[in-house]
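Peer 1: only geometry, no sequence info:
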């Protein structure tokens, strides 16, 4: 093996190590992209940069970086899931993009920058995550209640009062009525500051005489 090949092998092993550190944190939190995904992304990015260097000055490193970033965009989008008003996977997608950047740095021989970047990423994912959970926050919810069509105004008023007492603010509503079945469904979109006990609010809604069913999302 030539000196370049030994250097390239060392860079790939370093990419596996640093990408694995970020991936292990995601794996421990049960995220869809875990240890293997992050290792492959980091090592793959490093490999592309190494191959580009082996081809000499005919290959522009900037074009290789642009190609990696474009490809990672598609991969990151695959782990983002939106369900109603809840979006999950953004942090994992950002981690995939981050380890790709680590791989690029390693492939270019920027070892110190890659090491500092890995430590920074781990701090953000661990210590800052602990701190972020203690900051004042706003959460959004949607709750659907069912009652009789003849009682729509009564259902609406009673539900709003109950939700307000539980600390939720109604920011939007929608209604669906079935005249044949004499059924009305009201959906309330809610805002809550600093968390809340959804099960308790759902129980209070279910206790209303006008309400026959409660679905909380």
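Peer 2: Yep, it's here. Fair warning: this is a prediction, and the values are worked out from it, not measured in the lab. Numbers count the residues shown, from 1 in each chain.
Peer 1: can you pull the buried residues of whichever helix in the chain runs longest?
Peer 2: Longest helix in the chain by number of residues (criterion: DSSP state H): helix 3-28. For helix 3-28, a neighbour-count test (16 or more other Cβ atoms under 10 Å) marks 8, 11-12, 14-23, 25-27 as buried. Quick note: C-beta positions are derived from backbone N, CA and C, even for glycine.
Peer 1: now do the end-to-end distance for stretch 51-63.
Peer 2: Length of stretch 51-63, first residue to last, Cα to Cα, to the nearest Å: 13 Å.
Peer 1: got the contact list for the most centrally placed residue in the chain?
Peer 2: Residue closest to the mean C-alpha point of the chain, counted by Cα atoms, centre = their mean, is residue 89 at 2.3 Å. Neighbouring residues of residue 89 by Cβ atoms under 8 Å, 6 or more residues apart in numbering: 31-32, 79-81.
Peer 1: what about these, which are in strands?
Peer 2: Counting by DSSP state E, the contacts of residue 89 place residue 81 in strands.
Peer 1: just the buried members of the contacts of residue 89?
Peer 2: Burial by neighbour count, judged by 16+ other Cβ under 10 Å, picks out 31, 79 from the contacts of residue 89.
Peer 1: okay, the contacts of residue 89 in a markdown table with distance to residue 153 and pLDDT next?
Peer 2: Putting these into a markdown table (distance: Cβ to Cβ, whole Å; pLDDT from 0 to 100) gives the following:
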| residue | distance to residue 153 | pLDDT |
| --- | --- | --- |
| 31 | 45 | 74 |
| 32 | 44 | 68 |
| 79 | 44 | 73 |
| 80 | 40 | 75 |
| 81 | 37 | 71 |
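Peer 1: CSV for the contacts of residue 89, including distance to residue 138?
Peer 2: Output for the contacts of residue 89, formatted as CSV (distance: Cβ to Cβ, whole Å):
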residue, distance to residue 138
31, 23
32, 25
79, 24
80, 20
81, 20
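Peer 1: packing partners for the longest helix of the chain?
Peer 2: With contacts taken as 3 or more Cβ pairs under 8 Å, 6 or more residues apart in numbering; DSSP states H and E, helix 3-28 sits against helix 35-54, helix 90-107, helix 111-125.
Peer 1: just so I know, which of these lies nearest residue 174?
Peer 2: Proximity to residue 174 (Cβ to Cβ) singles out helix 90-107 among the helices and strands packed on helix 3-28, at 26.6 Å.
Peer 1: tell me how far the closest one is from the chain's mean position?
Peer 2: What separates the centre of helix 90-107 from the centre of its chain is 15 Å, taken as Cα atoms, centre = their mean, to the nearest Å.
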